[in-house]
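Q: Whatever this is, show me its structure:
(one chain, ligands or ions: 3)
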Amino acid sequence: MFSSPSPPPAPLEKVFQYIDLHQDEFVQMLKEWVAIESDSVQPMPHFRQELFRMMAVAADMLQRLGAHVASVDMGSQQLPDGQSLPIPPVILAELGNDSTKATVCFYGHLDVQPADRADGWLMDPYMLTEVDGKLYGRGATDNKGPVLAWINAVSAFRALEQDLPVNIKFIIEGMEEAGSVALEELMEKEKDRFFSGVDYIVISDNLWISQRKPAITYGTRGNSYFTVEVKCRDQDFHSGTFGGILHEPMADLVALLGSLVDSSGHILVPGIYDEVAPVTEEEINTYKAIDLDLEEYRNSSQVAKFLFDTKEEILMHLWRYPSLSIHGIEGAFDEPGAKTVIPGRVIGKFSIRLVPHMNVSMVEKQVTRHLEDVFSKRNSSNEMVVSMALGLHPWIANINNTHYIAAKRAIRTVFGTDPDMIRDGSTIPIAKMFQEIVHKSVVMIPLGAVDDGEHSQNEKINRWNYIEGTKVFAAFFFEMAQLH
Ligand SMILES: Cn1cncc1C[C@H](NC(=O)CCN)C(=O)O
Ligand SMILES: [Zn+2]
Ligand SMILES: [Zn+2]
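A: Ligands and ions are numbered 1, 2, ... in the order given. Got it, this is the predicted structure:
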């Protein structure tokens, strides 16, 4: 699949050598960062302290690199239960401001998903462990590894006393896994300040679609996340003493959740497909070009059968059609054993991944109307409350922009192959904010492989991806300067 990479342009050769020679230091740095339990999802003071520590460690490192660093206070987060927790600061940093150079801004996040050894990790998730060239640890690929790769690339130029080919800015947050809380306000505030001189944005917060072939990402789905609460009263009932005379909240909720999607994955909310962009012939050709071994993908995912049989259909249903997932039920009895309970109040959670040109507030109305409709037909005396907890827009970019060309060249230099041009089925909320609020074009340059297991047990990044990824970023700086 790969021709061997041609030798890098002379100015990069030393940088690549430096990166190879110092790779153990880069791995050690990742180990130190993974050791910080910067979980933004579980609302516990311990994790918040770790998040603050994580941001301080990163700010300190950027400062030592010679960057001008600001840690912006983000206020606090109100949780549904009334609790209030401090939000870790966002780092805004800049290195170099030579008006003849392009300015590239890198976005990354240093918070992580929850991880508990008891969930089936083969090692302590916060202790980076290398096995067969795989660096296991929570946050290794999402997103600490890629953030460090960018910093390592900068530090290689600095260490060699080579002039940085571009001006660099950083925006690094600590609440991405919680939905990028309060970030939008910051973007509004900084659009004519910190971001005013920025030419291009780079994000490296997703994965290739292959284990070996690199990729560039030009689109992500959005997400509208719903809760639907069904309440009879605040306490549970005994099914022996009340069973038979109640409208049970769980029965209502199961019917509501069961009305959302059919067994072929088709969403049953009326009107939901109305605004979905029509498929073009040209577009289908781009999916044909992608290097995806469906059988390998299915097997490594340990799934018996997907809803669709062809590569093109699979890619379209991951990237350019909406999907509805049912996530869970708060208040449901979910422990082992045969408890004869009737839950008094339950909250169902589901979300719809959004694609161009779906509109968040339209989806909110359609879903609410649909659930009210289904509920009213049940003649239940319970109370139902529907609310949209998150409304994150889809994002799609023009792949002819300069930084796409630079990224392609950088990948060719390092890997000797053209990247897969991919979209991503998940959501990176800030991408659309850069486009809509700051009016800057984003390129996503993922570094991790398809089997990295982000958000899952035994998350990892391959040493190869981490180190070659560092070179891709260094080459990207160089190519940006050539094209500017
Ligand atoms: C928190 N949240 C709720 N709705 C969407 C999100 C973002 C989350 N983002 C990722 O996973 C990035 C993966 N590279 C997701 O898409 O689920
Ligand atoms: Zn991430
Ligand atoms: Zn994530």
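
Q: ok, which residues in this protein are in contact with ligand 1?
A: Residues of the chain lying close to ligand 1 (Cβ under 6 Å from any ligand atom) are E177, G179, D205, N206, N223, Y225, L390, L392, S426, T427, I428. (Glycine included, C-beta is placed from N, CA and C.)

Q: Using the three-state scheme, assign the first one.
A: Counting by DSSP: H, G, I helix; E, B strand; the rest coil, the backbone at E177 sits in helix.

Q: neighbours around it, how many?
A: The tally of other residues near E177 (other Cβ atoms under 10 Å) stands at 19.

Q: Nearest to D334 among the residues of the chain next to ligand 1?
A: Y225 (20.1 Å; Cβ to Cβ).

Q: For the closest one, grab the count of nearby residues.
A: 18.

Q: Which helix or strand contains it?
A: Taking DSSP states H and E as the criterion, Y225 maps to strand 222-231.

Q: S196 too?
A: Using DSSP H and E, S196 sits in no helix or strand.

Q: That one and K169: what is the separation?
A: In this view, S196 and K169 are 11 Å apart by Cβ to Cβ, to the nearest Å.

Q: Please identify which of the two sits among more neighbours.
A: K169 (23 against 10).

Q: On the three-state scheme, the more buried one is what?
A: Counting by three-state DSSP, the backbone at K169 sits in strand.

Q: Those residues of the stretch 151-300 of the chain touching ligand 2, which are they?
A: Within the stretch 151-300 of the chain, the residues that sit near ligand 2 (Cβ under 5 Å from the ion) are D205.

Q: Spell out, range by range, the strands that occur in the stretch 151-300 of the chain.
A: Assigned by DSSP state E, counting those that start in this stretch, the strands in the stretch 151-300 of the chain fall at 167-173, 200-203, 215-220, 222-231, 237-238.

Q: From Y200, how far off is the residue nearest to the spatial centre of the chain?
A: Geometric centre of the chain, nearest residue: I428, 4.8 Å, by Cα atoms, centre = their mean. With distances taken as Cβ to Cβ, I428 is found 16 Å from Y200.

Q: circling back to that earlier point, by contact count, what packs against the strand holding Y225?
A: If contacts are counted by 3 or more Cβ pairs under 8 Å, 6 or more residues apart in numbering; DSSP states H and E, strand 222-231 sits against helix 249-258, strand 345-354, helix 360-377, strand 383-392.

Q: got the buried residues for stretch 340-356?
A: Neighbour counts over stretch 340-356 (16 or more other Cβ atoms under 10 Å) mark 342-355 as buried.

Q: Those residues into a markdown table, with extra columns for distance to ligand 2 and pLDDT?
A: Formatted as a markdown table, these follow (distance: Cβ to the ion, whole Å; pLDDT from 0 to 100):
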| residue | distance to ligand 2 | pLDDT |
| --- | --- | --- |
| I342 | 39 | 98 |
| P343 | 34 | 98 |
| G344 | 37 | 98 |
| R345 | 33 | 98 |
| V346 | 30 | 98 |
| I347 | 26 | 98 |
| G348 | 26 | 98 |
| K349 | 20 | 98 |
| F350 | 22 | 98 |
| S351 | 17 | 98 |
| I352 | 20 | 98 |
| R353 | 16 | 98 |
| L354 | 18 | 98 |
| V355 | 20 | 98 |
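
Q: if we can go back for a sec, just checking: what are the partner strands of the strand holding Y225?
A: Next to strand 222-231 in the sheet, as set by DSSP bridges, lie strand 345-354 (antiparallel), strand 383-392 (antiparallel).

Q: List of residues touching the last one?
A: Right, strand 383-392. With Cβ atoms under 8 Å, 6 or more residues apart in numbering as the test, strand 383-392 has contacts from 179, 222-232, 252, 256, 351, 354, 360-361, 363-364, 367-368, 371-372, 375, 427, 429, 432.

Q: Output the contacting helices and strands for the helix or strand following it.
A: Remark: after strand 383-392, the chain's next helix or strand is strand 395-396, criterion DSSP H and E. Here strand 395-396 touches strand 215-220, helix 429-436, going by 3+ Cβ pairs under 8 Å, 6+ apart.

Q: What mean pLDDT does the following helix or strand past strand 395-396 get?
A: Scanning forward in sequence from strand 395-396 by DSSP H and E, the next helix or strand is helix 402-415. With pLDDT averaged residue by residue, helix 402-415 scores 98.

Q: what's the angle from helix 402-415 to strand 215-220?
A: Angular relation of helix 402-415 and strand 215-220 on a 0 to 180 degree scale: 150 degrees, by axes from the mean of the first three to the mean of the last three Cα atoms, to 10 degrees.

Q: V69 contacts L62, correct?
A: Yes. Using Cβ atoms under 8 Å, V69 is in contact with L62, at 5.0 Å.

Q: Just the buried residues of the least confident helix or strand in the chain by mean pLDDT, please?
A: The weakest-scoring helix or strand in the chain, judged by mean pLDDT, DSSP states H and E, is helix 294-300 (a mean of 90). By neighbour count on 16+ other Cβ under 10 Å, the buried set for helix 294-300 is Y297.

Q: got the CA coordinates for that helix in PDB?
A: Provided in PDB are the C-alpha atoms of helix 294-300 (Å, rounded to 0.1, in the frame of the first residue of the first chain):
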ATOM      1  CA  LEU A 294     -15.200  -4.000   6.100                       C
ATOM      2  CA  GLU A 295     -14.600  -7.600   7.300                       C
ATOM      3  CA  GLU A 296     -11.600  -6.600   9.400                       C
ATOM      4  CA  TYR A 297     -13.500  -3.600  10.800                       C
ATOM      5  CA  ARG A 298     -16.400  -5.800  11.700                       C
ATOM      6  CA  ASN A 299     -14.300  -8.500  13.300                       C
ATOM      7  CA  SER A 300     -12.100  -6.100  15.300                       C
END
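
Q: Wasn't T417 part of a helix?
A: No. Under three-state DSSP, T417 sits outside any helix and is assigned coil.

Q: how much space between it and ligand 1?
A: 23 Å (Cβ to the nearest ligand atom, to the nearest Å).

Q: For that residue, grab the count of nearby residues.
A: T417 is flanked by 16 other residues according to other Cβ under 10 Å.
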